[in-house]
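*Asks:* My questions concern the predicted model and sequence given below.
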Amino acid sequence: MDLTTPYLGLQLRCPVVASPGPLSQTVDGIKELADSGVGAVVMYSLMEEQVRHERARMQALEEMHDESYAESLSYFPVVPNRDDSFTSSYLKLLERGAAAIDVPLIGSLNGATHGGWTDTARQFQDAGAAAIELNVYFVPGDVHTDGASVERRYLEIVQAVNGVVDIPIAVKMGPYFSSLGSMATRLVEAGADGLVLFNRFLQPEVDVEAVDVVPGVELSHQSEGRLPRTWIAALRHHLNASLAGTSGVETPDDVVKYILAGADVAMTTSALLRHGPGHAAKLIGGLTTWLERKQLTLDKARGLLAVPVDVSADEYERAGYVAALEKAKLVWGR
């Protein structure tokens, strides 16, 4: 069965992709993911805060070496080597990882403000990244920030990065836009070669005994795949860009569902953390088995259940909503 898949202009050997996570923090980890059979590996994210902090630190230390600060040099006799920085460590791993595997290695940059994206994106490209995934994680906590400002920030970041690199760009976006379809279209027009749906916004928990807010991360569950699949199905025939589905990929059936909705690739980290990198082979094998049983090629299956291009998407989604409520009445009604 031919599982060759186009994604971001790259040619992948299959549509299962390892998304950012702890497993890609070493060369051995990256190799293990690639050896599991995935079509591509997206490295863990380099955080904007790390880049900004180290730049501020280096600037402060350089200023300390100015003649006017000679007295302070006894406290900082040597400027730390830039090779010890977060960015340098990430770039070294990216370069070594890309050379060690035979599938595309994609760099991931996570941030929320305008600064620092372009320089780091260029460094990703120079280090050998096959593409860049821009994870714009911005939660507007200021109640006076309007939706247009949030959208403009996304678009400006994509335009800036697109202007300085030649490799493909994917944008990992959240679902919380008033008109997500319009935003998706504008991101592609701004230079995104693909969209990753969706970023998971991490909500903290409340510890009632400590009376405190506790940050934390939970692995995704299968039910979380419904929202991205719904939007992938709606966007499939309206965007000239790659679509990646992420969250809720636990079993081969979850991969199949994403393909039927219209995703070019299905991304997973949680399942690989639960079951080990070798679980990717089970996902790929299960997809192959399903295609053979249904006598479908991958291309024929992709988008088979996407929203038809010749129907009103608004009415289509509304009809699905009404049908679900009517079904609930029959199941739970008295």
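*Replies:* That came in fine, so what should we check first?

*Asks:* Now do the buried residues in stretch 268-285.
*Replies:* 268-272, 277, 279-280, 282-284 (16 or more other C-beta atoms under 10 Å). In this view, the C-beta of every residue, glycine as well, is placed from N, C-alpha and C.

*Asks:* List of residues touching it?
*Replies:* Outside stretch 268-285, the residues within contact range by C-beta atoms under 8 Å, 6 or more residues apart in numbering are 3, 14, 16-23, 29, 32-33, 35-38, 219-221, 246, 249-252, 254-255, 266.

*Asks:* In this structure, what helix or strand scores lowest on average pLDDT?
*Replies:* Lowest mean confidence among the helices and strands of the chain (mean pLDDT, DSSP states H and E): helix 48-64, at a mean of 57.

*Asks:* Identify the residues contacting the helix or strand following that one?
*Replies:* The C-terminal neighbour of helix 48-64 among helices and strands, as given by DSSP states H and E, is helix 86-100. Residues outside helix 86-100 that contact it (C-beta under 8 Å, 6+ apart) are 24-27, 30-31, 34, 41, 43, 46-47, 50-51, 53-54, 82, 105, 107, 120, 123-124, 127-130.

*Asks:* And the very next helix or strand once past helix 86-100, what does it pack against?
*Replies:* Downstream of helix 86-100, the first helix or strand assigned by DSSP H and E is strand 105-111. If you count contacts as 3 or more C-beta pairs under 8 Å, 6 or more residues apart in numbering; DSSP states H and E, strand 105-111 packs onto strand 40-47, helix 48-64, helix 86-100, helix 117-127, strand 131-136.

*Asks:* coming back round to it: now the contacts of stretch 268-285: which count as buried?
*Replies:* Using 16+ other C-beta under 10 Å, the buried ones in these are 3, 14, 16-21, 23, 29, 32-33, 36-38, 220, 246, 249-250, 252, 254-255, 266.

*Asks:* so of those residues, which ones are in strands?
*Replies:* Counting by DSSP state E, these place 16-18, 246, 266 in strands.

*Asks:* Make CSV from those and add distance to D310 to it.
*Replies:* Output for those, formatted as CSV (distance: C-beta to C-beta, whole Å):
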residue, distance to D310
V16, 31
V17, 31
A18, 36
T246, 29
A266, 27
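
*Asks:* will you turn those residues into JSON lines that also has pLDDT and distance to M173?
*Replies:* Converted to JSON lines, these look like this (pLDDT from 0 to 100; distance: C-beta to C-beta, whole Å):
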{"residue": "V16", "pLDDT": "98", "distance to M173": "21"}
{"residue": "V17", "pLDDT": "98", "distance to M173": "17"}
{"residue": "A18", "pLDDT": "98", "distance to M173": "20"}
{"residue": "T246", "pLDDT": "95", "distance to M173": "11"}
{"residue": "A266", "pLDDT": "98", "distance to M173": "17"}
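
*Asks:* between these, which is nearest T288?
*Replies:* Distance ranking of these against T288, using C-beta to C-beta, places V16 first at 10.7 Å.

*Asks:* Can you tell me how far the closest one is from N135?
*Replies:* 20 Å (C-beta to C-beta, to the nearest Å).

*Asks:* Nearest residue to R186 in space, please, no chain neighbours.
*Replies:* Distances taken as C-beta to C-beta, 6 or more residues apart in numbering place L155 nearest to R186, at 6.0 Å, with adjacent residues excluded.

*Asks:* Could you check the angle the host helix or strand of that neighbour makes with helix 117-127?
*Replies:* According to DSSP H and E, L155 maps onto helix 147-162. Calculated by axes from the mean of the first three to the mean of the last three C-alpha atoms, to 10 degrees, helix 147-162 forms an angle of 30 degrees with helix 117-127.
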